[in-house]
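Pasted the sequence and its predicted model underneath.
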Amino acid sequence: MVFIGKTSWSFAATLCLALVASACGGGRQAAGGPGKVQSFRVATLTWVGYAPIYLAKEKGFFEGLDVQLEKMEDTPARRAAMASGNVDGSVDIIDSFTNGAAAGLPAVVVLKLDDSMGGDGIVVRKGLGSIKDLRGKTVAYPPGLPSHFFLLALLDDAGMKISDVESRPMEADQAGAAFVSGSVDAAVTWEPWLTRAAALPDGKILITSRDTPGLIVDVFTVRNDYLHDHPEATRAFLRGWFRSLDYWKTNRQEADAIMARSMGLGAPEFERMVTGVRYSDLANNHAFFSAAPGKASPFSAIVTRANKIWSREGLIKTPVDPKVIDGSAIVLSMTP
């Protein structure tokens, strides 16, 4: 995945400034009157998991909604735009959004977009056969990104902590390059570095997100005030997403071409990369946000785990109540 850079750790300060700006009158203007097309400003970024949003816009699936898409590759910029009201909705990742919510981001999760199914992973030297074998080894990873959370969760499952490895924080592409150059024993990264590293004579893929479904989940978030004032606009956006997935399933060649273009990719590259995600349709969303008797919903379980991991790393002080950021009422009310 292509997400944030070194500025990720300044998010709390950025959010505070954005919230002040919003309180001083910045942000979203009043919506148009009855009968007018409702505006919906969305922050997104370059990742194939979000491509169906662009397909929906081009095919006109967001009926009655003027969806304005703005790519913001930097997470603090997207969060600041959400906090100030300069955008109404944004793509995000649950573990990362938990950080934002803990810092006061006024938004909720309304839709599950996709699961990472092989797009993220860990490459190691061939002599290493398990997560426990990483003890004492040099491990490169991008701090604050889903890959970081992926590593921390796997270490936790193995009864280990980040202090049990020799950390080498760096950008994801740099982590892959460091492994290829032989300067680290393992790297947490994404494509195309996973494939490149695994092709080395002494390299292999230890584990990917395909082996841990439900751990890295892309979601769509909406500001609390927009959701309150425009629930039907939010519903129209969700309908557009599901129509886009239906269209993609039955018109793959055309849909792939449109989505590839929106991501700045060639069709063959997009078709290869999209195998690393699993888009979430209505049925999958219902399963994700629903809880079985006596159990937490998958959504709540991931937020709870993110709370635990980020709190232990000192990145959040107060855990986020999953119910406070669960805005799934609309999607759960929808029927096929």
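The structure has been received and is ready for your questions.

Give me the pLDDT value at the spatially most central residue of the chain.
Most central residue of the chain, judged by C-alpha distance to the mean C-alpha position with C-alpha atoms, centre = their mean, is Ile93 at 2.6 Å. Confidence per residue is given as pLDDT, and for Ile93 that number is 94.

distance of it from Gln174?
Using C-beta to C-beta, to the nearest Å, one obtains 20 Å as the distance from Ile93 to Gln174. C-beta: built from backbone N, CA, C; applies to glycine.

thinking again about what came up before, pull the contacting residues for the residue nearest to the centre of the chain.
Listed by C-beta atoms under 8 Å, 6 or more residues apart in numbering, the contact partners of Ile93 are 3, 146, 216-219.

Tabulate those (a markdown table), appending secondary structure and distance to Met273.
Formatted as a markdown table, the contacts of Ile93 follow (DSSP: H, G, I helix; E, B strand; the rest coil; distance: C-beta to C-beta, whole Å):
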| residue | secondary structure | distance to Met273 |
| --- | --- | --- |
| Phe3 | coil | 15 |
| Pro146 | helix | 15 |
| Ile216 | coil | 15 |
| Val217 | strand | 18 |
| Asp218 | strand | 14 |
| Val219 | strand | 19 |
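
Please pull up the helix or strand immediately following the helix or strand hosting Gln253.
When elements are defined using DSSP states H and E, Gln253 is found to belong to helix 252-262. Of the helices and strands lying after helix 252-262 in sequence (DSSP H and E), the nearest is helix 267-273.

Export that following helix to CSV, keeping only CA atoms.
Provided in CSV are the C-alpha atoms of helix 267-273 (Å, rounded to 0.1, in the frame of the first residue of the first chain):
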residue,chain,number,x,y,z
ALA,A,267,-4.3,-2.3,-16.9
PRO,A,268,-1.9,-5.4,-16.5
GLU,A,269,-0.3,-3.8,-13.4
PHE,A,270,-3.7,-3.0,-11.9
GLU,A,271,-5.0,-6.5,-12.6
ARG,A,272,-1.9,-8.0,-10.8
MET,A,273,-2.2,-5.6,-7.9
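
Buried ones in that helix, by neighbour count?
270-271, 273 (16 or more other C-beta atoms under 10 Å).

wait, which of those residues is closest to Leu194?
In terms of C-beta to C-beta, no member of the buried residues of helix 267-273 lies closer to Leu194 than Met273, at 11.2 Å.

So the closest one is in contact with Leu265, correct?
Yes: shown here, Met273 and Leu265 form a contact pair, counting by C-beta atoms under 8 Å, at 7.2 Å.

Identify the contacts common to the two.
Common contacts of Met273 and Leu265 (C-beta under 8 Å, 6+ apart): Val48.

Give me the phi and psi for the residue nearest to the centre of the chain.
The phi and psi torsions at Ile93 (degrees, to the nearest 10) take the values phi -120, psi 140.

Ile302 versus that one, what's the distance?
Shown here: Ile93 relative to Ile302, a distance of 10 Å by C-beta to C-beta.

which residues do those two both contact?
Taking C-beta under 8 Å, 6+ apart as the contact criterion, the residues that touch both Ile93 and Ile302 are Val217.

Please put the alpha-carbon coordinates of the helix of greatest length in the chain into PDB.
Secondary structure assigned by DSSP state H gives helix 231-250 as the longest helix of the chain. Listed next in PDB are the C-alpha coordinates belonging to helix 231-250 (Å, rounded to 0.1, in the frame of the first residue of the first chain):
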ATOM      1  CA  PRO A 231     -27.800  10.700   6.000                       C
ATOM      2  CA  GLU A 232     -29.400  10.100   2.500                       C
ATOM      3  CA  ALA A 233     -26.300  11.500   0.800                       C
ATOM      4  CA  THR A 234     -24.200   9.000   2.800                       C
ATOM      5  CA  ARG A 235     -26.600   6.300   1.800                       C
ATOM      6  CA  ALA A 236     -26.300   7.300  -1.900                       C
ATOM      7  CA  PHE A 237     -22.500   7.100  -1.600                       C
ATOM      8  CA  LEU A 238     -22.800   3.600  -0.200                       C
ATOM      9  CA  ARG A 239     -25.200   2.500  -2.900                       C
ATOM     10  CA  GLY A 240     -22.700   3.800  -5.500                       C
ATOM     11  CA  TRP A 241     -19.900   1.700  -4.000                       C
ATOM     12  CA  PHE A 242     -22.000  -1.500  -4.200                       C
ATOM     13  CA  ARG A 243     -23.200  -0.700  -7.700                       C
ATOM     14  CA  SER A 244     -19.600  -0.200  -8.700                       C
ATOM     15  CA  LEU A 245     -18.600  -3.600  -7.300                       C
ATOM     16  CA  ASP A 246     -21.500  -5.300  -9.200                       C
ATOM     17  CA  TYR A 247     -20.400  -3.600 -12.400                       C
ATOM     18  CA  TRP A 248     -16.800  -4.600 -11.900                       C
ATOM     19  CA  LYS A 249     -17.800  -8.300 -11.500                       C
ATOM     20  CA  THR A 250     -19.700  -8.300 -14.800                       C
END
